[in-house]
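**Q** Show me how the following folds:
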Amino acid sequence: MNLPTPHISARKGDFAKTVLMPGDPLRAKFIAENYLENPVLVNSVRGINGYTGTYQGKRVSVMASGMGMPSMGIYSYELFAGYDVDNIIRIGTAGALRKDLKLRDMVFGMGACTNSNYAAQYQLPGSFAPIASFSLLKKAVEAAEKMEGVHYMVGNLLSSDTFYSDSDLDINWQKMGVLAVEMEAAALYMNAARTGKHALAICTISDSIVTGEATSSEERQSSFRDMMKLALEIA
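**A** Numbering: from 1, shown residues only. All right, here's what the predicted structure looks like:
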């Protein structure tokens, strides 16, 4: 892949081996300014700022993915295939599909169901099951167990192509044990599988489809610190 890519202006070596990917560019900026030592801006194309710095002596990068699987598909593929990134950890928000998942709880996406046609490009003779990297998932669980006051669940996410849907099908996914709905994990997991790399989606519950509770956009941008700290610990 030629560098810079159409969507990333960084040079080879500018990104660390592990990249944290929130959906929101402002959350990426918040993490870089509040958690990374000596963060350097390595990408600014289309306002998707990417930063590389250190956290407790480890070199770490953070860059937004944007919203939806097409956007995640572009950025994660270019990082994996062009910039030699080995691990991408999505740190995003999700809507709970269970009553016992409360606001600010975390979900680790062991798998990512989807209503997207993203996998059609691989021309497989059946359905592909996008799953997380076990090594990253294991680290996340171990780190969460050491954090006080953290409630998390491990299981299936639903990566949806639609935020505003003309039909209410969430109940059907809920019946199959899916924990929460978000919009990027399946594409990330498929790109990791195709490039032989590692990926994990860690999502904080920002709203509940069951109860109607929700956090504000400002809270989503800067207050989900448990998720940020956990991702940095396992980076």
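**Q** Could you pull out the helices in the protein for me?
**A** Per DSSP state H, the chain carries helices over the ranges 25-35, 69-82, 134-145, 170-175, 185-195, 217-222, 225-234.
**Q** Does residue 92 touch residue 200 like I think?
**A** No - under the criterion of C-beta atoms under 8 Å, residue 92 makes no contact with residue 200, lying 11.3 Å away. The way it works is simple: take the backbone N, C-alpha and C, and place the C-beta from them, glycine included.
**Q** okay, which residue is most central for this structure?
**A** In the chain, the C-alpha nearest the mean C-alpha coordinate belongs to residue 90, at 1.8 Å (C-alpha atoms, centre = their mean).
**Q** Any buried residues in stretch 162-173, and which?
**A** Buried residues in stretch 162-173, defined by neighbour count with 16 or more other C-beta atoms under 10 Å: 170, 173.
**Q** just stretch 226-235 next, same as before
**A** Buried, per 16+ other C-beta under 10 Å, within stretch 226-235: 226-228, 230-235.
**Q** you'd agree residue 60 is up against residue 16?
**A** Yes - between residue 60 and residue 16 there is a contact at 5.2 Å, judged by C-beta under 8 Å.
**Q** Neighbour count: the two, which is higher?
**A** residue 60 (26 against 23; other C-beta atoms under 10 Å).
**Q** between residue 60 and residue 16, what contacts are shared?
**A** 52, 235 (C-beta atoms under 8 Å, 6 or more residues apart in numbering).
**Q** For residue 110, which residues are in contact?
**A** So residue 110 contacts 131-132, 137, 154-156 (C-beta under 8 Å, 6+ apart).
**Q** now swap in residue 129 and tell me
**A** By C-beta under 8 Å, 6+ apart, the neighbours of residue 129 are residue 111.
**Q** any idea how far it lies from residue 119?
**A** According to C-beta to C-beta, to the nearest Å, residue 129 and residue 119 sit 10 Å apart.
**Q** still on that earlier bit, now list the buried members of the contacts of residue 110.
**A** For the contacts of residue 110, buried by 16+ other C-beta under 10 Å: 131-132, 137, 154, 156.
**Q** need those residues in JSON lines with pLDDT and distance to residue 185, can you?
**A** Below are the buried ones among the contacts of residue 110 laid out as JSON lines (pLDDT from 0 to 100; distance: C-beta to C-beta, whole Å):
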{"residue": "131", "pLDDT": "98", "distance to residue 185": "10"}
{"residue": "132", "pLDDT": "98", "distance to residue 185": "8"}
{"residue": "137", "pLDDT": "98", "distance to residue 185": "12"}
{"residue": "154", "pLDDT": "98", "distance to residue 185": "13"}
{"residue": "156", "pLDDT": "98", "distance to residue 185": "10"}
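**Q** Which of the residues you listed sits closest to residue 113?
**A** Within the buried ones among the contacts of residue 110, distances to residue 113 taken as C-beta to C-beta reach their minimum at residue 156, with 5.6 Å.
**Q** how far away is that closest one from residue 110?
**A** Counting by C-beta to C-beta - residue 156 and residue 110 are separated by 7 Å.
**Q** Kindly report the same for residue 225.
**A** For residue 225, the distance to residue 110 - C-beta to C-beta - is 23 Å.
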